Structure formats: C-alpha cells, structure tokens
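I need the structure of the sequence given here:
(4 chains, ligands or ions: 6)
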Amino acid sequence: MNDALKTELFGLEMKNPVMSASGTFGFADCYRDFFDPAMMGAIVVKALTPLPRAGNPPPRTCETPSGMLNAIGLENPGLREYMARIAPALKGIGTKLIINVAGSTIEDYVEVAEAVEQDGGADALEINISCPNVKEGGLAFGSSAKGAAKVTEAVRRAVGMPIIMKLTPNVTDIAEVAKACEDEGADAISMINTLLGMSIDVKARKPYLANETGGLSGPAVRPVAVRMVWQTAQKVSIPIIGMGGISSAEDALEFMMAGASAVAVGTAQLADPMAIPRIIEGLSRYVKDEGLASIREIVGAACPGRKVAG
Amino acid sequence: MNDALKTELFGLEMKNPVMSASGTFGFADCYRDFFDPAMMGAIVVKALTPLPRAGNPPPRTCETPSGMLNAIGLENPGLREYMARIAPALKGIGTKLIINVAGSTIEDYVEVAEAVEQDGGADALEINISCPNVKEGGLAFGSSAKGAAKVTEAVRRAVGMPIIMKLTPNVTDIAEVAKACEDEGADAISMINTLLGMSIDVKARKPYLANETGGLSGPAVRPVAVRMVWQTAQKVSIPIIGMGGISSAEDALEFMMAGASAVAVGTAQLADPMAIPRIIEGLSRYVKDEGLASIREIVGAACPGRKVAG
Amino acid sequence: MSGMVSEEAMVVSVADIAEGMKRMVLRAPSIARSARPGQFVMVSTEAKDALLARPLGVSGADPADGSVTLRFAVVGKGTGWLAGRRKGDTVRIYGPLGHGFTTGAKDCILVGGGTGLAPLFFLKEAIEREGGKALLLAGAKDRMCLMESDVLEVGCIVATEDGSMGELGLVTGPLKRLIAERRFDMVYACGPVPMLKAVKQVCAKAGLSLEVSLETRMGCGVGACNGCTCDQAEKDGAWLKVCKDGPVFRAEEVLR
Amino acid sequence: MSGMVSEEAMVVSVADIAEGMKRMVLRAPSIARSARPGQFVMVSTEAKDALLARPLGVSGADPADGSVTLRFAVVGKGTGWLAGRRKGDTVRIYGPLGHGFTTGAKDCILVGGGTGLAPLFFLKEAIEREGGKALLLAGAKDRMCLMESDVLEVGCIVATEDGSMGELGLVTGPLKRLIAERRFDMVYACGPVPMLKAVKQVCAKAGLSLEVSLETRMGCGVGACNGCTCDQAEKDGAWLKVCKDGPVFRAEEVLR
Ligand SMILES: Cc1cc2nc3c(=O)[nH]c(=O)nc-3n(C[C@H](O)[C@H](O)[C@H](O)COP(=O)(O)OP(=O)(O)OC[C@H]3O[C@@H](n4cnc5c(N)ncnc54)[C@H](O)[C@@H]3O)c2cc1C
Ligand SMILES: Cc1cc2nc3c(=O)[nH]c(=O)nc-3n(C[C@H](O)[C@H](O)[C@H](O)COP(=O)(O)OP(=O)(O)OC[C@H]3O[C@@H](n4cnc5c(N)ncnc54)[C@H](O)[C@@H]3O)c2cc1C
Ligand SMILES: Cc1cc2nc3c(=O)[nH]c(=O)nc-3n(C[C@H](O)[C@H](O)[C@H](O)COP(=O)(O)O)c2cc1C
Ligand SMILES: Cc1cc2nc3c(=O)[nH]c(=O)nc-3n(C[C@H](O)[C@H](O)[C@H](O)COP(=O)(O)O)c2cc1C
Ligand code: FES
Ligand code: FES
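Ligands and ions are numbered 1, 2, ... in the order given. Model (predicted):
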C-alpha cells in the first residue's frame, strides 16, 4: 500500500483514487480470482432499479474501433433481491462501496436511494441519469440541466448520504448540467457515461444491436471524456470522478491532470481482468518516480482554472 | 466507371457517392500523384474565410486510439488568394466542386458564399458552422438550432446555388439542428464535423495541443456519426452527406444504410493516400456482388423511418 | 467457476488443420491444470482497432506439459492476428472460463459441426480417460473445411453436405441411425444453432440426455458485463449468461 | 514533389544498429528510383490503436536493386510495430515525400545528432557519387545510442556527451574546429532543435550556408491537412508545412 495514493472525496477516505465503473464489475463477484477487490479505492456496482429488469434482447454488445457499444438495458435483480442476497455479500468487502442507482421516474431513484441508505451498507450513491439504453428515465433526465437538477434535488431531499451525479456526454454543455447538480446539493460528479452510438451490420442491412443504438465506451472516447472533465472542473467546486476509456495508469493521469480527483475503469477491465490492479500499480510507481508526497499534487495540473479546493 | 454508383444530390449529378471531406484534401492539389481527383463524386475543399488565416500554433494534431485530434484553426489563404490562384486551378477538375465556407460572423459566411457564386466555378457550398477550433463563429452557430437557422437563412437569402449545412456532433439533439436548417432552405446536411476532445501530455502536465482542445475524427467516432445520421434521416427530408471515420467501403455502406445519400472521407485519406480510390472500388464491387442496379437501393436500408424521397 | 488466471502464454506450435483453420498449442500451465472440457479462454489480441478479448474453446489441455490447445477458424481481425503468431511469441489469455460439459458418461455420442468440433476433441479425451466410450460424429460443408480431417478418418463418423468425405448429408442422418441401433447414455453437441436444434429434436424423441455448447459475442467472459446473452438462452423471462451459466447448457434449458 | 507512390514493400532485412535502433531494408522499387536525400516516407502500421502513418527519413535508396533503407529508433507503438516485422513481411509505405537536401556541394560537412543521422548516410552517398567530399560529424549521448557506430568509426568524426566514443562533448566542438581549419562550401544538419540552433550559430558566424532538416508530428505527409507546422518554421506570419515546404529548410528561413 502506498500512502501517496490516498484520496479523499467528500469525506470518503479511499486508499487510492481508482474505482470500478458501474456495469463492468458486476456486484464485485466476478474478478475475485484475479485480484482482491479490496485493493481498489472504491467499488461501484451495477445499476440498481426498484424492480428486477431483464434488460434488452441480444445482441447487446458490439466491438467498434478501439471501443465497444453496449445496450444492456440496465439488467439487474432489483432492490429486493439486492437487499436479500447481494448487500450482505458485499458487507466487509474491505473498501468503499458505491451503489449505482437508476430509474424510470424520480420516485424510482428516491426509492432505491432511501433503501440503500437505510440498509447502511454503502458509502455513497451514484445517481445514473445517463443510461442511453432504456426508453424512459436515464438519458431523459441527464440531457438537460433542468432534468438533472430535478433528480438531484429529489434524491438530496430523500437521503443524507453522499450522492454522486453521473452525467451523460450526449449534451451540448456538460459543465452546465454539472453546475445544476452542484447547485442542488450533489457531493460529486462522475463523468462520462457512454456516448450514444450505432453500428450497422452491413450484411444484414440493419443495426447490429437489437436495441438499435448503444452506448460507446473504451479508449475511442477518451479524448471526449478528458475534454469534458477539463471543462467541468472549471465550472464546479465539487470533486469529479473521471472515466471513459481509461486503460493504463497514464490514461488515469490524463483525467486527474484534467481535474478529476478520482477515476473509474470500465471497458478496459472487461478486456483485461488485470486492468485495475495494473493501473493502481502504475500510479503507485508514478508517484514514486516523480517523488510526489501525494497523487493529489497533480490533480488539475493541466487545468489552471480548476475550481475545487485541494 | 460503374453506372450503378451514380448518385444525385439536390440536382447535382455525381459519378459516385464518395467525396473528400473538407480539410483533409487541401485544394485537391495534394493527392494527384496517387489518383486523379476526377474519379470522386465530388471534391470538398478546405474551409475558406474572407481574409487569410494563419491558423493555430503547433502542435496542431495528436493521435488518439483509432482517431486523431486536430486544431488547425481554419488556416487558409483567404478569399482573394483563392479567387486569384486556386479557383482557376480547380476549373476543369473533372468532377463536382464543393467549397467549404467558414467565418466568425454571419457576414463572413455571406461574403464568401456570394463571391463563390459569382465566380461560378463551384457546384455547391458547404457551410461549416461546426469548427471546434476557432474562438468565434464556427461551433457557436452550430451549437443551437437557432444559431444554425440564422446562418442558413442569411446564406440562403444571399445565394441561389445549393447550400449544404455542415453540423457539429457536440450537441444534445443534432436532428433538431438539421431540421432548423432544412426549414430555412438548406439543400442538404453534411455530418459530422469533429467531436470536441482533448489529450493531455502527461510528462509535460498540460494539454498536448497548443489550442488545448481539438476536434476528434477517424474510426473512433464512427459509431457516433452513424447514429447521428440515422437519427437525422428520420427527421429531415433533404439528403444527408455522411462522414466520420469512414475508412473502407463497408464503413461507407454503414452510413448509407443509416440514411446518408453520399459520404465523405477525411482522416482515413490522411492515413492512406489510396483510401478514397479503394473505397470507390469497394463500393463498385459491392453493387456488382449484390446485383444492385443502383447503390441508392441500399440508402436508408437500416433506417425504416427515413423521410427523404428516393 | 474458480481458478481463473491471466497468463502470458507462449506459442509452442501452430498448424493448419483445414482451409482457414488453425491448431495452436500454447504453454499456459495454470490454465492447463484446471481446464475442463467445454470451458473456454479469452484471448487478448494486439489487432489494429480491436479492443475486446476473443473467446475460444479449450480444445485440449495437458497438465503434465502445461499445454493448452486451441483449434479455430480465421474469420476476422482477432483470429487473424492470432493466426499470425509464431512459435516463441507470447499471447495473453485468461481462463479457464465458464461451465463445461458434465463428463462421466459411459457410452456417449459427441456431435460437432464446423468449429464446434474444437471442444469435442478435449471432451472425447476426458471421457475416454475416465473409462467411458465416446463416439465422435463430425459434420462440415465439405472435406476442405473439416478440421483435422485426417484424424477424424479413423474411429469417427463424418458427414459432409457435399459428400466429399464420409456420408453425404447432415450429421442428424448418422445420429438417428446410431441411436436406433443401440442404447447410449448421453449426447453432447457443439456447432451452429440449426444443427443443435436438429440434434435436440432427435435426442428428445429418443429420450436421450443432451448437453449443448452455445456461442455468442462476449464482452468479458467472466460474468461482469451482462453482454453475452443470446436468443437461445432464456430462463423464466431472464437472460442467461453464456459465459457463466454456459457455454454448456442442458438442452432442455435452452434452444428456443 | 512528384512521383509519390504507395507501395507494398517487402522487408529484405532488419538489423540492430544501436540500443533500441534498427536498420530496415525494404524492397520498394518505385520509391527507390525517385527518392532524394532528405526526403522521407510515411509508414503505415498495424499497431493497436494507431491510425496515422509514421514519417521516417530515407536513409538509403538503390534504384538498381529497388531497395530503400530506413534507420530508426524504437520509441513508441508505430516504430515498435515496425521493429517487429521480419524478413519477408510486407509493410505499406508511401513516398518519397517532401523537399530534400540540395546536393552538389563539393566539400561539405554533415552534422547529425541521434536519429538525425539517418538521412545523412544517404546524403553522404549522394554527394560522394556526384564527386563531392562529405565529412560526417556524428553526435550522440553515448556510444550505445549512436547508430552504426562501427561504420562511423572510420572516416567520420564522432562526439559523445560522455566521451565513450570519439571526442567528449557536443558536436559543435569539432564543428568549430573544422571550420576554423579550412574552407567548406556547405553544411547540412539533422538532429534535435538545440543542436540545430547551435550549428546555425556556428555557421552564421563563419558565413557558411546551412540546410537543416526539421521534425514534427505529421498527419498526412503530403500537404493535405496543415497539421505539420512547427514552432521553428514560420514565414511572414504564416506557418510553413514541414512535410511539403520541408523537412529540409535553409537555416536562415527557420529556427527561431
Ligand atoms: C464460448 C465460445 C467458444 C468459442 N470457441 C471457438 C473455437 O474453439 N474455435 C473457433 O474457431 N471459434 C470459437 N468461437 C468463436 C470465436 O470466438 C469467434 O470466431 C471469434 O471471436 C471471432 O473473432 P475475430 O476477431 O476473428 O472476428 P471479428 O472480426 O470480430 O468478426 C468476424 C465475423 O465474425 C462474426 N463474429 C464474431 N464473433 C462472433 C461470435 N461470437 N458469434 C458469431 N459471430 C461472430 C462477426 O459478426 C463478423 O461477421 C467461440 C465462441 C464462444 C462464445
Ligand atoms: C520528416 C521526418 C523524418 C523522420 N525520420 C526519422 C528517422 O529517419 N529515424 C527515426 O528514428 N525517426 C525519424 N523521425 C521521427 C519518427 O517519425 C518518430 O519517432 C515516430 O513517428 C514515432 O512513432 P511511434 O509510433 O513509434 O511513437 P508514438 O507512440 O507515436 O510516440 C512515442 C513518443 O514519441 C513522441 N513523438 C512521436 N512523433 C514525434 C515527432 N514527430 N516528433 C517528436 N516527438 C514525437 C511522442 O510524443 C511520444 O512521446 C522522423 C520524423 C519526421 C517528421
Ligand atoms: C457493458 C457496460 C455496462 C454499463 N452499465 C452501466 C450501468 O449500469 N450504470 C452506469 O452508470 N454506467 C454503466 N456503464 C457506463 C460505464 O460505467 C462508464 O461510464 C463508461 O463505460 C465509460 O467508461 P469506460 O470507457 O472505462 O468503460 C456501462 C458500460 C458498459 C461498457
Ligand atoms: C485535419 C483536419 C482538418 C479539417 N478541416 C476542416 C475544415 O476546414 N472544414 C470542415 O468543415 N471540416 C474540417 N474537418 C472535419 C472533416 O471534414 C470531417 O468532418 C471530420 O474529420 C470527420 O470525418 P473523418 O473521420 O473521415 O475525418 C477537418 C478534419 C481534419 C482531421
Ligand atoms: S461476457 Fe460479460 S457477462 Fe458474459
Ligand atoms: S503532414 Fe499533413 S500537411 Fe503536412
């Protein structure tokens, strides 16, 4: 363990700034053979909705140049099953736990948030107002500052635990959406969710994915994600958790220099089960090689206008 | 020559649906050693502004996973030099000629458009309201339906020749912007320009590009571009010229099946000087193999809601 | 599923085993030790523009020399890249993954079509090592695209659609005949979905247990992404994960 | 610039010429026929995640056997991919590109630092073939990273920063001395910008003509993208294109 990697987000002490991204780490049960999830700064689990969701019909994924499209459609076992079977298994996991919350209505978000707070097992909520793969809710809320503000306000009113608003990149001005969330009391911003995309099966002359469109993630989107973090860091004073195509320690540093206080790894972990430990180790080596007392010294280094303190 | 590739756009007869993208083919002077530009359906030249522009300081480009960032900043010789030296050289080039028009103000667009119409050498104007690499104009106009409508309206009033509005993907709803352009009398839509992105030089702890942000293009953005074409084709009844990451005939077919009547090739041509002829040849083979009388038969094949006629 | 590891595997040999098909032997001792027939590995590639690892069935594994055998068709950029590796190169793979075949049958038939034959070589070995009898029934379009056709010439039954090797027609022909001839305790099948469905019908009629291995596009291979659903595998309105609940399923559970 | 072509070049040989540096000979007859010293080629790579071709100076070209020689440092994914090619593999390259050196000097000095030596081997050959004398002055950090150090041992002057080969110090030391000793009609230089600036200063003082070759990141290599500007090359408020106006420039035009 490397003390220089210690990170603090809205009072949450993390051993390092690296988390799993939601939807690419299951409920922390899939990669245990490869490494102990306790080594991460925090675990972010798959989106949770009040009722179970079967998700979209297959095919659900499709590879694209240096990226992938997914249209899982928020498949998850629902709140009851989560509380009965999954939450207990996550107790004592050895690191911070963040629950990704999704819904079709504002009431859905509030219901899940309240239940998770009551259960007490989690350290923060990540409110997913950015899923492009469901007909209702999701993107609809995240696509405007007004919609984002509404959800933030409702969840803020409902729970006292930290809330992170997860934003969609499919907007004209993401910093404006982030600001609206901050104004309504969000503790942090996480960005970006996937870019809405489509791939066409030329032989079949129709979209590859059964859902037609899907969310683009992976290295292909990294430049867009870094730019958005950089823009947003100049607009809000709450911490940003950066993600989108991170697959090496250097990529993680790009986000942190752009202004992110912590990072999450999604697609890269799917492609390589050792991605997260490799990235943490790389950061560890970096702080040593650069002689940094704390990784925080480089946060915002490439973003002089960054507003957040510390 | 393959008759099955003949394409017609707002009355413009093209020998095939493949064009160069603006800014990646100079003024049609760079690739003559490799192939005769007359083989293309149309040539789209570099953006033209009223006065010469020096462009941004270097570095101006940067490779990203399956993509590149550029921040050229509309470097061009200006209208006078264009008329004196370049327009004459483009006479008799043997195919359709489309001039990409840029500006900081609406008057700029009108000035260039009028001069080009008067000169008479070009077949259409592509109005670039989507350049992310200049401080004024460009993106500012293209970022909202209202701004786009204003430019379209002004240029439409000024000239009778065909105008193609070139849209930016950096918006929440590109189809809405396209609709606004159609409503003001645009003859066609071309999409997409580059996605705003950033890459950070981790060693130097600052953005790679002198301009800080740049425009992302190449295969990485293709899924986003295809999706936007597909969405827009369901909203407008004027033809769409699709682009963004096309580097093979199959990629071109993706755009056409998504609803584009023609396509343009940018970054792929930079990476391989034989890209455009290779793509035209691939399409030629495709119509033969599939036994199509016309490539138009597959336009919109993956987009049942497409509105344009024919 | 446990004992999964990520290994830097060294290429021991590569050989052509049919038109556009390769057999590759890798040194991957940990995977060789724990792999069971029907399980698969994910192969990371350095192919241009590629991102995700590619699933390939384990077609042989020898704990003694630490070798893992893959048999695959070169169909796209990932398998194209893999086919270009040479002896001594290294390839990153992880596994073994998924739920494999239930071995322990005493007298069974293995039905393979196309690349679906790959895992059956391993399964046959395992069943025979455990003292059972396993009759391999191999189907293909023609001789040229039948993998390891020379190996299959002895002790196996081959059916090709053009009759260029073995019987003329589909594998279901010989399968029906065999089942009518005598009693088997189990059938295993791997191949294209239409073949699997036909085999399922034949087995159902005969009251024979059948296990089938399904294919689909995969993201992670370990159950993390929910990406590997397939039309054929649904249960009580929920989608099964081919990577974790499968790729081997009891036939009555899947194939709609 | 004319006679540019895109060729599928076959690798004839690959050799190590310093720590992390390779010499690769390719069969590319059309490029071999028209390439001039100082020109470069763009090399397309199949490296993962890469997109753009990479510029490499022509370090030798023989119209007789159709060979083109490249000498390069393995610094990243493109050159790493290239270094992995073996005899018989093919590599897509296009060229020759850019504005090369003005040959025809009768008695000149070529100053190269690091990978900047690559094009000078070709230039030296050409000048000598035309009957001129060309003295090669090679600089490097140390012997290990001096390309072709064994070739340079005879008939050239070497300076290393640690003195592990040739003179101790920078190339400007021997350069000044040579110029003071006798009259040369021309100097050519290729290497890092600080070296070029130092050489420019020395030559300006001595009133000697100097041509320098600049480097920058490139998009297309042919003048189509306006991406290859560099801090050092500006003219009347406009940016020069390194790919087309250069990479070789008269020293007084560039180096700010
Ligand atoms: C559990 C499992 C085990 C497998 N075992 C074997 C094996 O032992 N031998 C073998 O040859 N193959 C096997 N496959 C199939 C193999 O994974 C694919 O052929 C391979 O991933 C193709 O990768 P590529 O990059 O070469 O092709 P791509 O470039 O990705 O695609 C080429 C073409 O193949 C199609 N394709 C790609 N992946 C799949 C897929 N999973 N299902 C259907 N079509 C696909 C694409 O749509 C495209 O048309 C297995 C698949 C699974 C899921
Ligand atoms: C006209 C010209 C001629 C050249 N001739 C030679 C030659 O003969 N021999 C030789 O060894 N090299 C030469 N170079 C440099 C060579 O092009 C780069 O080293 C190469 O493109 C790096 O590619 P890569 O994919 O291996 O590295 P990347 O993975 O792209 O980058 C690795 C590192 O190198 C840096 N880098 C990449 N390209 C450049 C560049 N153009 N300038 C400065 N830094 C860069 C990156 O920022 C990064 O830090 C030449 C360059 C030019 C413009
Ligand atoms: C297969 C898959 C499933 C995802 N599911 C969710 C989800 O349930 N909730 C969510 O907020 N984000 C989800 N995401 C988005 C990721 O958490 C992340 O924001 C995005 O993929 C960008 O990061 P990456 O490029 O590292 O993957 C999912 C992404 C993928 C690839
Ligand atoms: C180097 C470069 C310069 C460009 N210059 C212009 C321009 O002057 N005007 C314009 O409308 N688009 C310009 N573009 C955008 C392209 O025309 C095209 O819309 C975009 O790159 C997406 O296509 P691609 O992925 O095929 O490159 C430029 C793109 C690149 C890469
Ligand atoms: S492939 Fe990711 S869950 Fe099965
Ligand atoms: S590299 Fe494209 S203009 Fe020079």
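
please make it C-alpha for all contacts and neighbour counts, starting now.
OK.

next one: phi and psi at the nearest residue to C:G114 once chain neighbours are set aside?
Distances taken as C-alpha to C-alpha, 6 or more residues apart in numbering or on different chains place C:A140 nearest to C:G114, at 5.4 Å, with adjacent residues excluded. Backbone torsions of C:A140, given as degrees, to the nearest 10, read phi -160, psi 170.

show the contacting residues for C:A140.
Residues near C:A140 by C-alpha atoms under 8 Å, 6 or more residues apart in numbering or on different chains: C:113-114, C:146, C:159-161.

next SSE after the worst-scoring helix or strand of chain C on mean pLDDT?
The weakest-scoring helix or strand in chain C, judged by mean pLDDT, DSSP states H and E, is strand C:234-235 (a mean of 82). In the C-terminal direction, the helix or strand that comes right after strand C:234-235 (DSSP states H and E) is strand C:238-239.

report whether that following strand contacts chain A.
Yes - applying C-alpha under 8 Å from any C-alpha of the partner chain, one finds strand C:238-239 touching chain A at C:238-239.

touching ligand 5 at all, that strand?
No - Strand C:238-239 is not in contact with ligand 5 by C-alpha under 6 Å from any ligand atom; minimum separation 10.8 Å.

got a list of contacts for that strand?
Here strand C:238-239 has contacts from A:54, C:229-230, C:233, using C-alpha under 8 Å, 6+ apart.

go with 6 Å
With contact meaning C-alpha atoms under 6 Å, 6 or more residues apart in numbering or on different chains, strand C:238-239 is reached by A:54, C:229.

swap in stretch C:73-89?
Residues from elsewhere that reach stretch C:73-89 (C-alpha under 6 Å, 6+ apart): C:10-13, C:20-21, C:47.

just for chain C, where's the confidence low?
C:1-2 (pLDDT under 70).

what residues does it put near ligand 5?
The interface of chain C toward ligand 5, taken as C-alpha under 6 Å from any ligand atom, is made up of C:218-228, C:241-243.

A:S190 belongs to a strand?
Yes - the assignment for A:S190 is a strand, going by DSSP: H, G, I helix; E, B strand; the rest coil.

out of the contacts of C:A140, which comes closest to A:G266?
For the contacts of C:A140, the minimum distance to A:G266 (C-alpha to C-alpha) is 34.3 Å, reached by C:G114.

can the least confident helix or strand of chain C be said to contact chain A?
No - judged by C-alpha under 6 Å from any C-alpha of the partner chain, strand C:234-235 makes no contact with chain A; its nearest approach is 9.9 Å.

and that strand, which strands flank it?
strand C:238-239 (antiparallel) (DSSP bridges).

next secondary structure after the strand it pairs with?
Counting by DSSP H and E, the element after strand C:238-239 in chain order, helix or strand, is strand C:248-250.

report the contact partners of C:D231.
C:D231 touches nothing, counting by C-alpha under 6 Å, 6+ apart.

helices or strands up against the helix or strand where A:N100 lies?
Following DSSP H and E, one finds A:N100 within strand A:96-101. Using 3 or more C-alpha pairs under 6 Å, 6 or more residues apart in numbering or on different chains; DSSP states H and E, the elements in contact with strand A:96-101 are strand A:42-44, strand A:124-128.

what pLDDT, on average, does it get?
Averaged over strand A:96-101, pLDDT sits at 96.

any buried residues in the helix or strand encompassing C:V11, and which?
Assessed by DSSP H and E, C:V11 sits inside strand C:5-18. Buried residues in strand C:5-18, counted by 16 or more other C-alpha atoms under 10 Å in any protein chain shown: C:5-7, C:9-14, C:16-18.

run through who's touching that strand.
Identification of contacts with strand C:5-18 by C-alpha under 6 Å, 6+ apart yields C:22-28, C:87-95, C:144-148.

hang on, the earlier thing: hmm, the helix or strand following the strand holding A:N100 in reach of ligand 3?
Going down the chain from strand A:96-101, the next helix or strand is helix A:106-119, by DSSP H and E. No - using C-alpha under 6 Å from any ligand atom, helix A:106-119 stays clear of ligand 3, with a minimum separation of 12.7 Å.

which outside residues touch helix A:106-119?
With C-alpha under 6 Å, 6+ apart, helix A:106-119 has contacts from A:50, A:103, A:155.

quick check on A:K6: phi, psi?
When read as degrees, to the nearest 10, the backbone of A:K6 gives phi -50, psi 140.

quick one: the strands in the stretch 151-256 of chain C?
C:157-160, C:167-168, C:186-190, C:210-213, C:234-235, C:238-239, C:248-250 (DSSP state E, counting those that start in this stretch).

and C:C145, how far from C:M165?
11 Å (C-alpha to C-alpha, to the nearest Å).

can you tell me the element whatever residue of the stretch 1-150 of chain A ends up closest to ligand 1 falls in?
With C-alpha to the nearest ligand atom as the measure, A:E63 is the residue of the stretch 1-150 of chain A nearest to ligand 1, at 7.2 Å. Assessed by DSSP H and E, A:E63 sits inside strand A:61-64.

near ligand 3 at all, the next helix or strand after that strand?
Once the chain leaves strand A:61-64, the next helix or strand it forms, by DSSP H and E, is strand A:67-70. Yes - applying C-alpha under 6 Å from any ligand atom, one finds strand A:67-70 in contact with ligand 3 at A:N70.

strand partners of strand A:67-70, parallel vs antiparallel please.
strand A:61-64 (antiparallel), strand A:213-217 (antiparallel).

that older thread, okay, the strands of the stretch 151-256 of chain C in a markdown table with mean neighbour count next?
Below are the strands of the stretch 151-256 of chain C laid out as a markdown table (neighbours: other C-alpha atoms under 10 Å in any protein chain shown):
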| stretch | mean neighbour count |
| --- | --- |
| strand C:157-160 | 24 |
| strand C:167-168 | 18 |
| strand C:186-190 | 26 |
| strand C:210-213 | 26 |
| strand C:234-235 | 14 |
| strand C:238-239 | 19 |
| strand C:248-250 | 21 |
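
redo the ones you listed as CSV? Include distance to A:G215.
Converted to CSV, those look like this (distance: least, C-alpha to C-alpha, whole Å):
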stretch, distance to A:G215
strand C:157-160, 42
strand C:167-168, 46
strand C:186-190, 32
strand C:210-213, 29
strand C:234-235, 23
strand C:238-239, 20
strand C:248-250, 29
